[in-house]
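*Asks:* Sequence first, then the predicted structure, then my questions.
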Amino acid sequence: MTSIPTQHVAIIGGGPAGLIAADLLSGAGLAVTVFDQMRSPGRKFLLAGRGGLNITHSEPIEEFLNRYGPDRSFLEPAIRAFDPEALRNWCNELGETTFIGTSGRVFPASFRATPLLRKLLQRLRTQGVEFRTQHRWTGWNHNHALRFVHPSLGETEFSPHATLLSLGGASWPGTGATGAWTEVLNTAGIEIVPLRPANCGFLTTWSDHFASRFAGIPLKNIALRYQNATVRGEAMITANGIEGGAIYALARPLRTGIEGGHESTILLDLQPDRTAEAVSQKLSSRRPKESTSNWLRRTLRLSRAAVALLREQTGNSVPHDVAQLTHLIKNLSIEVDGVQPIDRAISTAGGIAQQEVDADFMLSKRPSVYAVGEMLDWEAPTGGYLLQATLSTAVMAARSIVAKTAASEA
Ligand SMILES: Cc1cc2nc3c(=O)[nH]c(=O)nc-3n(C[C@H](O)[C@H](O)[C@H](O)COP(=O)(O)OP(=O)(O)OC[C@H]3O[C@@H](n4cnc5c(N)ncnc54)[C@H](O)[C@@H]3O)c2cc1C
């Protein structure tokens, strides 16, 4: 058994949630050990930074809070207590300024996660945080000590005065977020809402010809409609479906619809900046003998992928009639067959059921054990909302640990 000081916090999971908690706790003078099953911490955070790390969003807080489901009230106190401005201040104070992009999204000045992670890890080491990598948490023993398995050290145990679980969801398992913790917590009698893909792509059946030529090609500046939700943006054709920002934004209602056996047709507007009348007017100037592709490209500047999609969805019979074609361009239907697997999703829905934690995210069935970040049951679209909630829940729990430790020492 490892010998430890009496007031020692174990953080299991070295993603952004675990690391910001380690920063607060060690900054408050507590001894902190971060365990992670990977060789190094922050792997998903680094992955998130590859396409530009969108750390939070600058929209008004009421709109911001409405992005969260299934019920915003679960996260609201944590986000208000450590809000987007506080998060930006924390980045600033670490030496990584942030800026607001044209869409209102907030990014670190470097646009990447690497400098922020490097600076944070440096500060944690200065504050005395110990890292134990390649330690896979497997649960508790009969004395409530934490149990870990290490590839060469074998089984080890650890008895902290408080534990913070920040084990992430189940997407991109190569980053360490395998979701295997659900079994451990289930065994401990903690209710887990099944993990499902969120901000994910959807499956559809393309012809071989279309898939082989257009997989990986984006459909830019489109609008997507599903039930009464409409989203502007971009979608990417994949070999067996469709993904990308606009699709992710519809993922929650679409997944729920599919799970409930409801209709699964999304409607694409390939000309969202033009009314149907304006599209018809443009199309009415077809030149004699002009091919359909040239007609569409010249009058509406439709991309090759958009024209090919029109052909794909009409069995290569794009109507010549202007009214019919206008309707199709503004309402092109795509039948979705299923949800892409969770391992390629941006984030995970489901997790520890909300009623299993108190207002500070402490497990009611395991006093002194907190759970934060993506492993809790909430979901949000992309746009910086994922990291904000991840970090806010971790800050809330860390502040509670600091307060309770101080109270117990008084
Ligand atoms: C491609 C991609 C792009 C993204 N881009 C953005 C973005 O721009 N903005 C945004 O807000 N969000 C983004 N996200 C989401 C964001 O990265 C996550 O929401 C965030 O990383 C969740 O943090 P976390 O600390 O809860 O979990 P994670 O970052 O997943 O960390 C969990 C840690 O726990 C460890 N662990 C798991 N099980 C065990 C165990 N049994 N024992 C020991 N250690 C264990 C893992 O190794 C891992 O290090 C993106 C995600 C992906 C996949």
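*Replies:* Perfect, thanks for sending it. Numbers count the residues shown, from 1 in each chain.
*Asks:* Give the helix, strand or coil label for the nearest residue to I217 once chain neighbours are set aside.
*Replies:* In space, and not counting its chain neighbours, I217 is closest to A305: 4.5 Å by CB to CB, 6 or more residues apart in numbering. Where C-beta positions appear, they are placed from N, C-alpha and C, glycine not excepted. With DSSP: H, G, I helix; E, B strand; the rest coil as the basis, A305 sits in helix.
*Asks:* Buried by neighbour count: which residues of the lengthiest helix in the chain qualify?
*Replies:* When the chain is parsed with DSSP state H, its longest helix is helix 385-409. Buried residues in helix 385-409, counted by 16 or more other CB atoms under 10 Å: 385-402, 404-405.
*Asks:* What's the separation between the most centrally placed residue in the chain and G383?
*Replies:* In the chain, the C-alpha nearest the mean C-alpha coordinate belongs to S347, at 3.4 Å (CA atoms, centre = their mean). Going from S347 to G383 by CB to CB, to the nearest Å gives 12 Å.
*Asks:* ok, the residue nearest to I217 - contacts?
*Replies:* The contact partners of A305, by CB atoms under 8 Å, 6 or more residues apart in numbering, come to F214, I217, P218, L219, I237.
*Asks:* Neighbours of K220, how many?
*Replies:* Residues within reach of K220, counting by other CB atoms under 10 Å, total 13.
*Asks:* What does the residue in the stretch 101-250 of the chain positioned nearest to the ligand show for phi and psi?
*Replies:* Scanning the stretch 101-250 of the chain for the residue nearest the ligand gives G176, at 2.0 Å (criterion: CB to the nearest ligand atom). Torsion angles at G176 (phi, psi; degrees, to the nearest 10) stand at phi 110, psi -20.
*Asks:* Check what pLDDT it gets.
*Replies:* With respect to pLDDT, G176 scores 98.
*Asks:* just the one 4 residues further on next, same as before
*Replies:* At A180, the model reports a pLDDT of 98.
*Asks:* mind starting the numbering at 175 from now?
*Replies:* Got it, the first residue is 175 from now on, which makes the last one we talked about A354.
*Asks:* Would you check how far apart it and L221 are?
*Replies:* Applying CB to CB, the value for A354 to L221 is 19 Å.
*Asks:* More neighbours: the two, which one.
*Replies:* L221 (17 against 14).
*Asks:* Might you report the residue contacts of the nearest residue to the more buried one once chain neighbours are set aside?
*Replies:* Distances taken as CB to CB, 6+ apart place T349 nearest to L221, at 5.8 Å, with adjacent residues excluded. Residues near T349 by CB under 8 Å, 6+ apart: M212, R217, K218, L221, G342.
*Asks:* So which of the residues you listed wins on neighbours?
*Replies:* Highest neighbour count within the contacts of T349: G342, with 29 neighbours (other CB under 10 Å).
*Asks:* The residue in the stretch 475-584 of the chain that the ligand sits nearest to: neighbouring residues, count only.
*Replies:* Residue nearest to the ligand within the stretch 475-584 of the chain: G547 (2.4 Å; CB to the nearest ligand atom). Here the number of neighbours of G547 (other CB under 10 Å) works out to 31.
*Asks:* dump the residue contacts of the closest residue to it other than its chain neighbours.
*Replies:* Nearest non-adjacent residue to G547, counting by CB to CB, 6+ apart: A191, 3.1 Å away. When contacts are counted by CB under 8 Å, 6+ apart, A191 is found next to S340, G342, V546, G547, E548, T564, L565, T567, A568.
*Asks:* quick check: domain ranges of this structure?
*Replies:* 182-372+521-583, 376-513 (automatic domain parsing).
*Asks:* Can you say which of those domains is packed in most?
*Replies:* Mean neighbour count (mean count of other CB atoms under 10 Å) peaks for domain 182-372+521-583 among those, with a mean of 19.
*Asks:* what's the span of stretch 371-389 from first residue to last?
*Replies:* Distance between the two ends of stretch 371-389: 21 Å, counting by CA to CA, to the nearest Å.
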